[in-house]
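1. Test case, fold it:
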Amino acid sequence: MFYTRVTMTRTERIVQWICRGVLAVVLALPVYVGIRHGLASLEGNPVLESALAGAFLIHMRARPKPAEWISALVMGSWLTVLYAWLHHGYGNSIGAAPYAYLSFLGLASLAVLAVRVFAGDRALRKLHRDTFLAAVAFPYFSFILAFCLNWTTTLQPKVYDPLLYAFDDALQLKLSVWTADLLARSYPLKVAAIAAYRNMPLAVCFLLALEREAAGRFSARILPLIATTGIAAAVLHNLFPAVGPIHTFGTEFPANLPPVASLSLQSLLHIDAARSAMPSLHFAYALLIWWNTAGLHRAWRWLAAVFLALTLLAALGFGEHYLVDLVVAVPFAVTMQPLALRARSWAPVERRLAVAGGAVLTLGWIIALRSGVFLNSTALAWGAVVVTLLLSLWWKRALDRRHAYLEQKVLTIRPDILPQEP
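-> Numbers count the residues shown, from 1 in each chain. The predicted structure follows:
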């Protein structure tokens with residue numbers, strides 16, 4: 001068989017380079033805007049710190065050659081020392097230095113991978129390119145997400161925290177107060193909760209690294225799932241801007257929270273904090289991480305469950321979220337999971353039901369909370385919570401059963417495609 005080589009004309013090459021240039025500018029714009037708004041500061045952007053640490057983890061999980069990881073370690077160490085010299089240290093917290101070091105290791109890994117893509121062995125360039133794109137994806141996305149949160153603060157000067165606080169009070173369950181007291185009494189548990197809440201991007205990157213090793217064990221594509229969930233959450237944060245009790249009540253949280261009767265349920269103004277409470281993106285991400293470890297070894301499953309529990313404790317105990325934020329995060333996560341399913345896992349009926357049902361519940365909660373529907377009845381408030389959780393988990397369970405059936409059907413036809421355990 002003979003193949004003819006297709007050659008481009010000069011005009012076609014010029015158009016191709018112009019398109020590449022435009023694409024490069026478009027992709028670089030969020031990074032430029034983020035840097036202009038101070039989002040490149042490691043001390044002020046813990047999400048970026050954790051995402052860069054995740055880039056280093058993805059690079060190391062790809063089993064680089066000694067020359068690569070030694071270069072990354074040397075470069076990362078040199079950048080860490082240079083940063084400390086220029087900034088007279090790393091910050092006030094004890095964990096500032098380790099976080100800075102891991103961040104610069106991530107930057108060094110990205111630099112090493114970029115060099116390997118453009119100047120490395122031709123036979124390995126595709127592998128290095130795939131690793132580079134996986135490693136750079138979440139640090140890049142962190143710029144977009146942080147910019148969206150900052151922009152939400154500008155677009156939405158008012159917050160509706162009193163309505164969320166009133167709903168939690170209607171449940172007559174002081175879970176935030178109890179959780180805060182638990183964390184205050186147990187220093188190891190407090191440290192673990194802080195680590196889990198702060199290192200959500202690192203956990204996401206670790207899941208992405210596991211997917212690269214055994215994609216067949218994942219029903220959903222992790223990167224599209226995480227990206228679409230973050231973007232959808234940014235939209236919802238504009239529909240119901242809220243900041244969390246610690247930012248609303250300050251030092252009054254958790255011991256001296258005011259009674260609901262003393263508050264105006266109208267919106268508040270001029271609270272300088274990200275409008276990221278409703279729904280809880282942290283809890284939604286933790287749920288998605290746990291759900292997507294279903295095909296992995298039991299140890300990963302248990303580790304994801306512990307991470308989910310610590311995220312819940314941190315969200316409530318540190319005052320970043322109300323209980324209702326976590327409740328609404330469940331149907332929100334159920335909505336997003338089917339949107340990133342792989343083609344072999346598509347279950348038309350179950351998929352549509354989960355997406356439509358989860359979306360209706362999520363938007364229904366936002367409308368109901370904005371209108372104060374549940375505030376006058378404890379029974380009605382608890383009924384809404386229980387029904388929401390039961391329906392969400394039922395739709396998710398139906399999706400899982402359908403996925404398991406399709407997987408078994410595929411393995412019956414092609415038993416040789418069973419993926420390896422990471």
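2. Regarding the residue positioned nearest the centre of the chain, which helix or strand does it belong to?
-> For the chain, the residue nearest the mean C-alpha position is Y285 (4.8 Å; CA atoms, centre = their mean). Using DSSP states H and E, Y285 sits within helix 281-291.
3. that older thread, check contacts around the residue nearest to the centre of the chain.
-> Contacts here follow CB atoms under 8 Å, 6 or more residues apart in numbering; on that basis Y285 touches 200, 203-204, 226, 229. Where you see a C-beta, it was placed from the backbone N, CA and C, and this is true even at glycine.
4. Pull the most distant pair out of these.
-> The most widely separated members of these, counting by CB to CB, are A203 and T229 (13.7 Å).
5. Settle it for me: which of the two has more neighbours?
-> In terms of neighbours (other CB atoms under 10 Å), T229 is the more surrounded of A203 and T229; the figures are 22 against 19.
6. How about the more buried one, nearest residue that isn't a chain neighbour?
-> M336 (4.5 Å; CB to CB, 6 or more residues apart in numbering).
7. what about Y90, which SS state?
-> Under DSSP: H, G, I helix; E, B strand; the rest coil, Y90 falls in the coil class.
8. Could you do H321 as well?
-> Under three-state DSSP, H321 falls in the coil class.
9. Just to check, it is in contact with G244?
-> Yes: with contact defined as CB atoms under 8 Å, H321 counts as touching G244 (5.5 Å).
10. Overlap in contacts, those two.
-> Residues touching both H321 and G244 by CB under 8 Å, 6+ apart: A277.
11. show me what contacts A277?
-> Going by CB under 8 Å, 6+ apart, A277 touches 161, 164, 237, 242-244, 320-322, 325.
12. Tabulate the residues you listed (JSON lines), appending distance to A255, neighbour count and pLDDT.
-> Shown next, in JSON lines, are these (distance: CB to CB, whole Å; neighbours: other CB atoms under 10 Å; pLDDT from 0 to 100):
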{"residue": "D161", "distance to A255": "18", "neighbour count": "26", "pLDDT": "90"}
{"residue": "L164", "distance to A255": "19", "neighbour count": "25", "pLDDT": "92"}
{"residue": "H237", "distance to A255": "28", "neighbour count": "24", "pLDDT": "93"}
{"residue": "A242", "distance to A255": "22", "neighbour count": "31", "pLDDT": "92"}
{"residue": "V243", "distance to A255": "20", "neighbour count": "25", "pLDDT": "92"}
{"residue": "G244", "distance to A255": "17", "neighbour count": "29", "pLDDT": "91"}
{"residue": "E320", "distance to A255": "17", "neighbour count": "23", "pLDDT": "93"}
{"residue": "H321", "distance to A255": "18", "neighbour count": "30", "pLDDT": "94"}
{"residue": "Y322", "distance to A255": "17", "neighbour count": "29", "pLDDT": "94"}
{"residue": "D325", "distance to A255": "21", "neighbour count": "27", "pLDDT": "95"}
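13. Tabulate those in CSV, adding columns for distance to S142.
-> Putting the contacts of A277 into CSV (distance: CB to CB, whole Å) gives the following:
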residue, distance to S142
D161, 25
L164, 26
H237, 16
A242, 22
V243, 20
G244, 20
E320, 18
H321, 20
Y322, 25
D325, 21
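14. Return the subset of these lying in helices.
-> 161, 164, 237, 325 (DSSP state H).
15. between those, which is nearest L312?
-> Closest approach to L312 among the ones in helices among the contacts of A277 (CB to CB): D325, at 10.9 Å.
16. residues touching the closest one, list them.
-> Residues in contact with D325 (CB under 8 Å, 6+ apart) are 164, 242, 244, 277-280, 283, 315.
17. hmm, try it at 10 Å
-> By CB atoms under 10 Å, 6 or more residues apart in numbering, D325 lies in contact with 164, 167-168, 240, 242, 244, 276-284, 315-316, 365.
18. Equivalent analysis for S142, please.
-> Residues near S142 by CB under 10 Å, 6+ apart: 34, 39, 45-52, 54, 201, 230.
19. distance of W300 from I58?
-> Distance, W300 to I58, using CB to CB, to the nearest Å: 16 Å.
20. neighbour count winner among those two?
-> Neighbours were counted for W300 and for I58 using other CB under 10 Å; I58 has more, 25 against 20.
21. Got the phi and psi for that one?
-> Main-chain torsions, I58, degrees, to the nearest 10: phi -60, psi -40.
22. from what I can see it touches F138, true?
-> Yes: the pair I58 / F138 is scored as a contact, 8.7 Å apart, by CB atoms under 10 Å.
23. Need the overlap of contacts for the two.
-> Common neighbours of I58 and F138 are listed as 106, 205, 208 (criterion: CB under 10 Å, 6+ apart).
24. Kindly calculate the angle that the host helix or strand of H403 makes with helix 281-291.
-> Take DSSP H and E as the rule and H403 turns out to sit in helix 378-413. For helix 378-413 against helix 281-291, the angle by axes from the mean of the first three to the mean of the last three CA atoms, to 10 degrees is 40 degrees.
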